[in-house]
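Participant: Any chance you could fold what I've pasted below:
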Amino acid sequence: MTTIKHKRITRPGQLGDEFTGDDGLGMYREGKAYTVEDCIIDLSDCDIDDVDEAGAVTWGASATFRRCVIRGAGKLFLCGSGDEHKRDAERDKRVQFFDCILEDGGRRFPEVQDGMHVQMKNCLIRNWGLPSRFDTRSFGAWAHKGGRIEAVDCVFWQDKFLRPVGQFVTDIANHIGWAVSNYGIASLFRGTTYLPGVCRGLMAGKDGEVSAVNCYRNHRWIRLEGRGSAMMDETDAKIMIVNLQTMAAELDGRLPK
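Facilitator: Presented below is the predicted three-dimensional model:
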């Protein structure tokens with residue numbers, strides 16, 4: 001078990017050769033488990049072309065995040081590499097997020113694939129599809145290709161719906177193109193193919209699974225798949241947001257600049 005505590009990560013490769021060089025915190029050692037606590041991964045000052053992911057767990061690694069803030073990348077967090085030769089190693093590996101904030105990025109809040117499982121509890125997922133971090137398309141949390149996401153007591157939040165017109169057009173066009181490329185012409189007859197990324201809060205693609213237990217969305221146009229009839233109420237959601245923002249402010253004041 002490798003433990004990472006009290007770090008402020010602001011550039012790819014900052015923590016050295018143990019981790020991937022093009023991610024803020026990329027964990028890829030097969031069979032290795034990581035615990036990440038009280039950290040900020042903030043790549044807001046990096047050009048999005050100079051960063052792969054803010055965070056990633058791939059190639060058979062697993063990880064648990066507690067009280068962390070992850071923000072500022074075009075691609076925020078990836079679980080499962082998409083590499084065919086590593087699929088067996090990644091299958092059933094777990095990534096957990098407790099009391100974390102994932103915010104202000106383009107997509108992958110997180111993206112989970114290749115049989116990996118993600119649990120998110122008491123987390124804030126906020127402002128995916130941020131114009132300054134947008135590249136090809138945007139979405140919040142997404143599971144596909146055998147990936148699974150379980151969101152419990154989480155808040156999915158968008159400050160606003162409107163995005164630049166060019167972003168909307170590019171975003172929807174690329175979602176359509178991706179769907180046709182991966183699922184065939186039949187995808188053109190599914191309404192979700194045309195859903196703007198700003199609306200994609202928690203969704204499952206082909207062979208993916210998601211669930212939302214006692215979660216909250218601040219707009220009805222945010223799509224949360226896999227949810228039951230019981231949802232977190234607005235008061236509890238706002239209390240959780242205040243608590244997480246207080247945690248983030250305390251981290252920001254405590255961690256070395």
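
Participant: going forward, measure contacts between C-alpha atoms and count neighbours the same way
Facilitator: OK.

Participant: Now do the helices in the stretch 1-150 of the chain.
Facilitator: For the stretch 1-150 of the chain, applying DSSP state H, counting those that start in this stretch gives helices covering 87-90.

Participant: centroid residue for the protein?
Facilitator: When Cα atoms, centre = their mean is applied to the chain, the residue found nearest the centroid is residue 109 (1.5 Å).

Participant: so it touches residue 142, yeah?
Facilitator: Yes: with contacts counted by Cα atoms under 8 Å, residue 109 reaches residue 142, the gap being 7.5 Å.

Participant: Could I get the contacting residues of the residue nearest to the centre of the chain?
Facilitator: Neighbour list for residue 109: 76-77, 102-103, 125, 128, 139-142 [criterion: Cα atoms under 8 Å, 6 or more residues apart in numbering].

Participant: which residue sits closest to residue 30, ignoring its sequence neighbours?
Facilitator: Leaving aside its chain neighbours, residue 30 sits nearest to residue 60 (4.2 Å; criterion: Cα to Cα, 6 or more residues apart in numbering).

Participant: From residue 106, how far out is that neighbour?
Facilitator: 25 Å (Cα to Cα, to the nearest Å).

Participant: tell me the phi and psi of the residue nearest to the centre of the chain?
Facilitator: Dihedral pair for residue 109: phi -120, psi 40, per degrees, to the nearest 10.

Participant: Where is the longest helix in the chain?
Facilitator: helix 234-254 (DSSP state H).

Participant: Can you give me the pLDDT of residue 206?
Facilitator: Among the per-residue scores, residue 206 shows a pLDDT of 88.

Participant: Check residue 230 too.
Facilitator: At residue 230, the pLDDT value in this model is 82.

Participant: Secondary structure class of it, three-state.
Facilitator: coil (DSSP: H, G, I helix; E, B strand; the rest coil).

Participant: Tell me if I'm right that it and residue 214 touch.
Facilitator: Yes: using Cα under 8 Å, residue 230 is in contact with residue 214, at 6.1 Å.

Participant: So for those two, which sits in the more crowded spot?
Facilitator: residue 214 (17 against 11; other Cα atoms under 10 Å).

Participant: and the residue lying closest to the more buried one once chain neighbours are set aside, how many neighbours does it have?
Facilitator: Spatially, and ignoring its direct neighbours in sequence, residue 214 is nearest to residue 231 (4.3 Å; Cα to Cα, 6+ apart). By other Cα under 10 Å, 15 other residues sit near residue 231.

Participant: Could you check how far residue 231 is from residue 30?
Facilitator: 37 Å.

Participant: now swap in residue 172 and tell me
Facilitator: Separation of residue 172 from residue 30 (Cα to Cα): 36 Å.

Participant: Residue 187 now?
Facilitator: Residue 187 sits 35 Å away from residue 30, going by Cα to Cα.
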